[in-house]
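1. Just a sequence and a predicted model for now, questions to come.
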Amino acid sequence: MDIHAFWQAVLMQDAAALAGYFAPGTQVHWHCTNECFTAEEYIRANCEYPGQWAGEVERTEPVPGGLVTAVRVYLRDGSASFHATSFFRLENGLITALDEYWADDGPAPEWRRQLGLGCSIRR
């Protein structure tokens, strides 16, 4: 499976292209919001999400039976930015299970900044 092409289809909200990546019966879990989707529901949720998206695959790691990606996804108008960590289970080049963890990008919380802990990853 070409993971970069998959993420390009996600970003372009291309339902037809996305449908070709999933095996029948695939479940997608969005753990941060406690949601479970069929592949069809995942595609609909992705493609009907408002706005025009862009992004970049920042990291891919093979794991037994699949791979993990870390992806930055943002609205083209700059109004929102997220990072998604996705765990793909693959069989015969198709996604058979997908577990995703989405987080809003933003500054560290004030209490941590007041403690003077850490520094920016990107300067």
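-> Done, it's in.
2. Please identify the helix or strand for N46.
-> N46 belongs to helix 39-48 when elements are defined using DSSP states H and E.
3. Could you pull out the buried residues of that helix?
-> Neighbour counts over helix 39-48 (16 or more other CB atoms under 10 Å) mark A39, Y42, I43, N46 as buried. The way it works is simple: take the backbone N, C-alpha and C, and place the C-beta from them, glycine included.
4. Please apply the same query to stretch 17-29.
-> L18, Y21, F22, T26, Q27, V28, H29.
5. How about stretch 59-76?
-> For stretch 59-76, by 16+ other CB under 10 Å, it's G66, L67, T69, V71, V73, Y74, L75.
6. The residue nearest the centre of the chain pairs with what?
-> Geometric centre of the chain, nearest residue: A84, 3.9 Å, by CA atoms, centre = their mean. Beta-bridge partners for A84, by DSSP bridges, are V71, W102.
7. Identify the residues contacting it.
-> T69, A70, V71, V73, E100, Y101, W102, A103 (CB atoms under 8 Å, 6 or more residues apart in numbering).
8. Could you rerun that using 10 Å?
-> By CB atoms under 10 Å, 6 or more residues apart in numbering, the contact list for A84 reads 7, 10, 30, 32, 55, 58, 69-73, 100-103.
9. What ranges does this protein have for its helices?
-> 3-11, 15-19, 39-48, 110-115 (DSSP state H).
10. P62: which of these is closest?
-> Closest to P62 of the helices of the chain, according to CB to CB: helix 3-11, at 10.1 Å.
11. from the contacts of A84, which is closest to L90?
-> T69 (12.0 Å).
12. A17 contacts F6, doesn't it?
-> Yes. Between A17 and F6 there is a contact under CB atoms under 10 Å: 8.4 Å.
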